[in-house]
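Visitor: please find the sequence and the predicted model below.
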Amino acid sequence: MITTENLSVSYNGKMVLRNVTITARPGSILGLVGPSGCGKSSFLAALNRLTEIISGASVSGRIQFDGQDIGTVFPSSVELRRHIGMIFQKPNPFAMSIRRNLELPLREHGIRDRGQLKQICESVLRDVGLWDEVSTRLDQSALELSGGQQQRLCIARAIALKPQVLLMDEPCSSLDPLSAERVEQLISSMRGQYTILIVTHNLAQARRLSDQVAVFWTQDGVGRIVEQGETEAVFKESTNPIVASYLSGRRG
């Protein structure tokens, strides 16, 4: 389980996200929705400590992993990212072979036995539905894959290290409709195996995929959560006029 308490993010002294308190239940999919610029991606960056490599970024508040402070559980960002994987909006395979894309993070974390590497690579490629498509060309460049295949490879690379949590920042937004559908089906199939937090501007997708949803909004120039709860309850029963108009498509 991953939780935040009063989490705020600033860049060069300007606050972009204020006092986010939220819990992502183990094995569930938490949808993060809201207009552009309201802090959703900054929230994910703070969870994965990507803010540490952004000049001028600062984070305050608490982040807990299974009830313990995340900095205590994972003193180094390298160790943290073994347990909290990240999938970005645009597929970002390394400019190397399909095989090397999967082996590199494993080797960096001490897995070097050839038999084990081979087994893990095949296993995760099967998990994301890529094995039958690429098994005969593992030594070809990952950049030769289609966009949808590249994104599934990036998901395979993330789960190769067996993380408990996956952070997904608009993973389907740069894909064609058919590829996006395949990635969405993959994400849905991962429910129960991973705790998934997914940023999406596709409200229909958020409703289909997520168990809970958090609605981010900008107020006084700062992003914050204005409503959160079980997905169907928020979509059908919200009494917050901002949320109701946004989710119905009348605003945003």
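Guide: Arrived safely, thanks for sending.
Visitor: first-to-last residue distance for stretch 134-151?
Guide: 14 Å (C-alpha to C-alpha, to the nearest Å).
Visitor: retrieve the pLDDT associated with the closest residue in space to Leu138 that isn't next to it in sequence.
Guide: Spatial nearest neighbour of Leu138, excluding adjacent residues (C-beta to C-beta, 6 or more residues apart in numbering): Arg99 at 4.2 Å. C-betas here are computed from N, CA, C, even on glycine. On pLDDT, Arg99 comes in at 98.
Visitor: ok, then the element right after the strand or helix carrying Arg99?
Guide: Using DSSP states H and E, Arg99 sits in helix 98-108. With elements assigned by DSSP H and E, the helix or strand that comes after helix 98-108 is helix 114-127.
Visitor: can you give me the buried ones in that next one?
Guide: Leu117, Ile120, Cys121, Val124, Leu125, Asp127 (16 or more other C-beta atoms under 10 Å).
Visitor: tally of neighbours for Gln89?
Guide: Gln89 has 16 neighbours, counted by other C-beta atoms under 10 Å.
Visitor: part of a strand, is it?
Guide: No - counting by DSSP: H, G, I helix; E, B strand; the rest coil, Gln89 is located in no strand; its state is coil.
Visitor: Provide the backbone phi and psi angles at it.
Guide: Main-chain dihedrals, Gln89, degrees, to the nearest 10: phi -60, psi -50.
Visitor: which residues does it contact?
Guide: If you count contacts by C-beta atoms under 8 Å, 6 or more residues apart in numbering, Gln89 has them with Asp169, Glu170, Pro171, Ser173, Ser174.
Visitor: now with 6 Å?
Guide: Gln89 makes contact with Asp169, Glu170, Ser173, Ser174, according to C-beta atoms under 6 Å, 6 or more residues apart in numbering.
Visitor: grab the nearest non-local neighbour of Val234.
Guide: Val234 sits nearest to Val213 (C-beta to C-beta, 6+ apart), 5.2 Å away.
Visitor: surely that neighbour touches Gly31?
Guide: Yes - taking C-beta atoms under 6 Å as the definition, Val213 is a contact partner of Gly31 at 4.3 Å.
Visitor: anything in contact with each of these two?
Guide: Joint contacts of Val213 and Gly31 (C-beta under 6 Å, 6+ apart) are Ala206.
Visitor: before we move on, the earlier item: what is the neighbour count of the residue nearest to Leu138?
Guide: 18.
Visitor: show the pLDDT at the residue nearest to Val234.
Guide: Listed pLDDT for Val213 reads 98.
Visitor: distance of it from Ser8?
Guide: Val213 sits 21 Å away from Ser8, going by C-beta to C-beta, to the nearest Å.
Visitor: quick one: contacts for Ile242?
Guide: Trp217, Val226.
Visitor: quick one: which helix or strand includes it?
Guide: helix 241-247.
Visitor: average pLDDT across that helix?
Guide: 91.
Visitor: from the middle of its chain, how far away would that helix be?
Guide: How far helix 241-247 lies from its chain's middle: 24 Å, per C-alpha atoms, centre = their mean, to the nearest Å.
Visitor: quick check: buried residues in that helix?
Guide: Ile242, Val243, Ala244, Tyr246, Leu247.
Visitor: picking that back up, phi, psi of the residue nearest to Val234?
Guide: phi -140, psi 140.
Visitor: how many neighbours does Pro26 have?
Guide: Pro26, neighbours per other C-beta under 10 Å, totals 12.
Visitor: scratch that, Leu209 is what I was asking about
Guide: Counted with other C-beta under 10 Å, residues neighbouring Leu209 total 23.
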